[in-house]
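# Here's a sequence, model it:
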Amino acid sequence: MALKAVGQPQAATTAPEAERFTPEYFAGLGRSAAQGITFGTADEIEGFVRSLLGEKTYKQERDKIRAGLEKFRSDFPVEAYGTEIAASIPTMGGAAAGLARLGVKGAMKQAGAGGAAYGAGAAEEMEDVPVSAALGGALGVGGEALAPVVSRQAKALGKKIPLTVGQYFPGMKRAEEALTSMPFIGGGIRAQQERGMKAFPVFMYNRALKPLGVELPKNTSPRLAFSKARDIFNQKYKQALNGVEIDASDNLLDDLSSIVASAKQSAGMAGEKKAADFENTVIQQVLGRVKDGKLTGEAIQDIQKKIGQEATRFGKSTDPIDGKIADALTELDVSMMDLIAKYSPANKELLQKTNRAYSQFVPLRAAQAKATEGVFTPAQAMAAVRAEERKAGAAGLGRLAAGEGRMQKPIEMAQRIIGPSLPDSGTAGRLLTGAALYGGGGALVGAPGDMSPEGAILGLAGGMLGRGATTRGGQAFLRGMRLPESIKGVKVPPAMQKPTVGAIPATAAGLRAPATAGLLSQQVGPMIPQAQASSLEDMAAGGNIVGYESGVDAAGDPFTFAKMSDGRAVRVR
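Numbering: from 1, shown residues only. Predicted coordinates for the structure are as follows:
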């Protein structure tokens with residue numbers, strides 16, 4: 001570009017706004033997409049092909065294509081850069097497998113390789129490739145480090161429990177925790193956390209019921225879910241024991257005596273009398289129901305019901321010995337069903353599945369009994385699991401140490417993601433929110449202190465936007481959402497149940513895209529020498545530079561003038 005005048009800058013004319021949906025617009029979209037797919041080399045490829053078919057040289061064709069790309073980027077930056085970045089993502093996805101085969105494994109290394117490749121492809125000339133590739137690689141690694149990542153466990157748990165953005169994306173958890181102390185926003189985050197904690201018991205009941213192939217609706221209240229689970233076990237045991245008849249053989253009695261002896265031992269000397277009463281209960285409830293040498297399924301159900309009632313009665317006592325008797329009765333309840341499965345070939349498979357599910361349900365029942373409104377936390381559930389496993393002595397402790405206790409793995413997963421206990425009640429936060437509302441209202445009326453009405457309005461609007469982001473709809477927008485199988489009884493088509501891409505995953509994908517790193521490298525590269533020279537130019541020009549203007553002198557050499565705020569022009573190159 002030639003420099004037409006040196007002196008007072010001329011008035012700028014406003015360029016007409018470019019139109020969308022014209023042939024040139026769609027051509028620009030196509031070229032942007034091609035750039036993304038080919039890692040910034042589509043302009044060179046097209047220029048080479050055109051030079052073979054036409055009369056112009058490769059450089060002329062390439063520069064013409066680049067000029068068109070730059071104009072499209074200037075006129076429609078969102079479409080141009082968005083299309084190029086989006087188009088590079090699937091290409092990088094395919095290249096990842098090839099990089100892995102070459103030994104380049106891990107998200108960081110592959111992001112660096114993709115950024116370097118795009119930086120090299122986007123370089124203006126061959127001599128620019130080394131610097132551009134190095135910058136692209138560094139920016140690619142930085143983009144991968146910045147991009148929020150959702151863990152596979154959080155993704156799986158999020159289908160069963162409503163998670164906050166911070167729980168869904170572990171890298172954002174600390175930022176979310178910091179926001180919980182803020183007015184407006186903090187209350188919304190805590191409300192979302194509480195919704196997730198209320199869904200936890202239902203999630204755990206469903207995990208216990210999994211061997212039976214039964215699942216309770218996610219929106220079931222914790223207490224109702226407990227009652228439904230209990231009814232399911234009663235129904236399954238009734239079904240499994242229907243028509244069952246077991247011989248009251250010596251082997252059966254020996255196995256039953258072993259269960260009783262184990263329970264009596266756990267009661268210790270202090271509970272010797274109550275342990276003896278426990279033994280009598282077993283004799284009365286079990287042996288007393290044997291008729292004609294047989295123990296029927298109906299009798300077994302009656303025994304199970306009576307044992308459960310006794311376990312509940314002893315469990316309500318504050319006496320530690322009574323607590324041990326309650327544990328012994330619970331153990332008898334579970335072990336006796338295993339015993340029935342052993343001696344009864346009829347419905348053995350169903351009975352074994354029911355026993356396995358019921359064994360997993362037992363610690364959850366203990367946690368629910370100590371919870372407020374049936375909402376037990378992962379911490380309470382884990383305490384119950386430890387208590388149940390310790391009853392088995394060294395074997396139970398070994399299972400706990402190996403992470404193989406009953407329901408231990410799903411509880412530990414939930415602890416990592418939603419936390420061990422309910423969030424803070426929010427009393428302090430409510431006070432802050434109230435203060436903010438009163439302060440905001442006062443500012444709008446009289447602007448007390450140094451706060452202007454405009455500042456108060458902006459603060460109030462910011463708080464409302466922040467609170468909106470913590471609602472269910474706002475959280476779904478940020479992390480993506482999936483429609484349920486049915487809404488109010490109306491079945492949702494499978495195609496509509498596919499998850500949508502949320503704002504955060506979309507941003508993360510953009511940060512990871514090789515085009516992002518490659519395009520930024522073209523912006524950062526020229527800025528480095530300019531930044532190094534800027535201090536000298538500022539000194540030479542008096543430090544009042546308002547812009548630059550370049551041109552070519554009579555000898556054909558390029559030059560650059562710094563335009564000053566006082567109208568002067570100082571040559572700096």
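# tell me the contacts of the nearest residue to A311 once chain neighbours are set aside?
Among residues not flanking A311 along the chain, L329 sits closest, at 3.8 Å (Cβ to Cβ, 6 or more residues apart in numbering). For the C-beta atoms, the positions are set from N, CA and C on the backbone; glycine is no exception. Neighbouring residues of L329 by Cβ atoms under 8 Å, 6 or more residues apart in numbering: A263, F278, T281, I307, G308, E310, A311, F314.
# quick one: the second one and D327 touch, right?
No. In this structure, F278 sits apart from D327 without contact. The criterion is Cβ atoms under 8 Å, and the distance is 10.7 Å.
# Now the closest residue to A116 other than its chain neighbours: which helix or strand?
Closest residue to A116 apart from its sequence neighbours, by Cβ to Cβ, 6+ apart: G137 at 3.4 Å. Assigned by DSSP states H and E, G137 falls within helix 129-146.
# And G551, by the same measure?
In the assignment (DSSP H and E), G551 maps to strand 545-552.
# now do A208
Using DSSP H and E, A208 falls in helix 185-209.
# Pull out the buried positions in that helix.
Across helix 185-209, burial judged by 16 or more other Cβ atoms under 10 Å covers 185-193, 196-209.
# cool, and stretch 327-345?
327-341, 343-344.
# Skip ahead from the helix holding A208 and say which helix or strand is next.
On the C-terminal side of helix 185-209, the closest following helix or strand by DSSP H and E is helix 222-241.
# so how far is that following helix off the chain centroid?
32 Å (Cα atoms, centre = their mean, to the nearest Å).
# just for the stretch 51-200 of the chain, where's the confidence low?
148, 184 (pLDDT under 70).
# just the helices in it please.
For the stretch 51-200 of the chain, the helices defined by DSSP state H, counting those that start in this stretch cover 58-75, 77-101, 107-122, 129-146, 152-157, 165-168, 173-179, 185-209.
# Does the residue nearest to A116 touch M108 like I think?
No. Under the criterion of Cβ under 8 Å, G137 makes no contact with M108, lying 10.7 Å away.
# which one of those two has more residues nearby?
Taking neighbours as other Cβ atoms under 10 Å, G137 and M108 compare with G137 leading, 25 against 13.
# and the more buried one, how far is that from I89?
Going from G137 to I89 by Cβ to Cβ, to the nearest Å gives 18 Å.
# Then V490?
For V490, the distance to I89 - Cβ to Cβ - is 35 Å.
# So if I had to pick from the two, which one is more boxed in?
Using other Cβ under 10 Å, the more surrounded residue of V490 and I89 is I89, with 17 against 6.
# so what's that one up against?
I89 touches G36, A509, R512, A513, counting by Cβ under 8 Å, 6+ apart.
# just for the stretch 351-500 of the chain, where's the confidence low?
In the stretch 351-500 of the chain, residues with pLDDT under 70: 422-472, 474-476, 478-479, 481-489, 492-500.
# show me where it has helices.
Using DSSP H, counting those that start in this stretch, the helices found in the stretch 351-500 of the chain span residues 378-390, 394-401, 408-418, 427-446, 453-469, 472-479.
# on that earlier part again, the helix holding A208 to helix 378-390, inter-axis angle?
30 degrees (axes from the mean of the first three to the mean of the last three Cα atoms, to 10 degrees).
# hang on, the earlier thing: so can I have TSV of the helices of the stretch 51-200 of the chain showing distance to A414?
Shown next, in TSV, are these (distance: least, Cβ to Cβ, whole Å):
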stretch	distance to A414
helix 58-75	47
helix 77-101	31
helix 107-122	26
helix 129-146	27
helix 152-157	7
helix 165-168	10
helix 173-179	14
helix 185-209	6
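# Out of those helices, which gets nearest to F21?
Nearest to F21, of all those, is helix 77-101, at 10.9 Å by Cβ to Cβ.
# So for the closest one, what gets flagged as buried?
Using 16+ other Cβ under 10 Å as the test for burial, helix 77-101 gives 79-89, 91-92, 95-96, 99.
# Nearest to S359 among these?
Using Cβ to Cβ, A96 comes nearest to S359 of those, at 43.4 Å.
# list the contacts for that closest one?
Contacts of A96 by Cβ under 8 Å, 6+ apart are Q110.
# And it, how far from P90?
A96 sits 11 Å away from P90, taking Cβ to Cβ as the criterion.
# try Q285
Here the criterion is Cβ to Cβ. By it, Q285 lies 67 Å from P90.
# can you give me phi and psi for L295?
Per-residue torsions, L295: phi -120, psi 110 (degrees, to the nearest 10).
# what do you get for K563?
Taking degrees, to the nearest 10 as the convention, K563 sits at phi -90, psi 130.
# Can you give me the neighbour number for the residue nearest to it when sequence neighbours are not counted?
Excluding its sequence neighbours, the residue lying closest to K563 (Cβ to Cβ, 6+ apart) is G547, at 4.5 Å. G547: 11 surrounding residues under other Cβ under 10 Å.
# Read off the pLDDT value for G547.
Looking at G547, its pLDDT is 71.
# which strands and helices sit next to the helix holding A208?
In terms of contacts (3 or more Cβ pairs under 8 Å, 6 or more residues apart in numbering; DSSP states H and E), helix 185-209 is packed against helix 165-168, helix 173-179, helix 222-241, helix 348-369, helix 378-390, helix 408-418, helix 427-446, helix 453-469.
# Alright, I will stop here.
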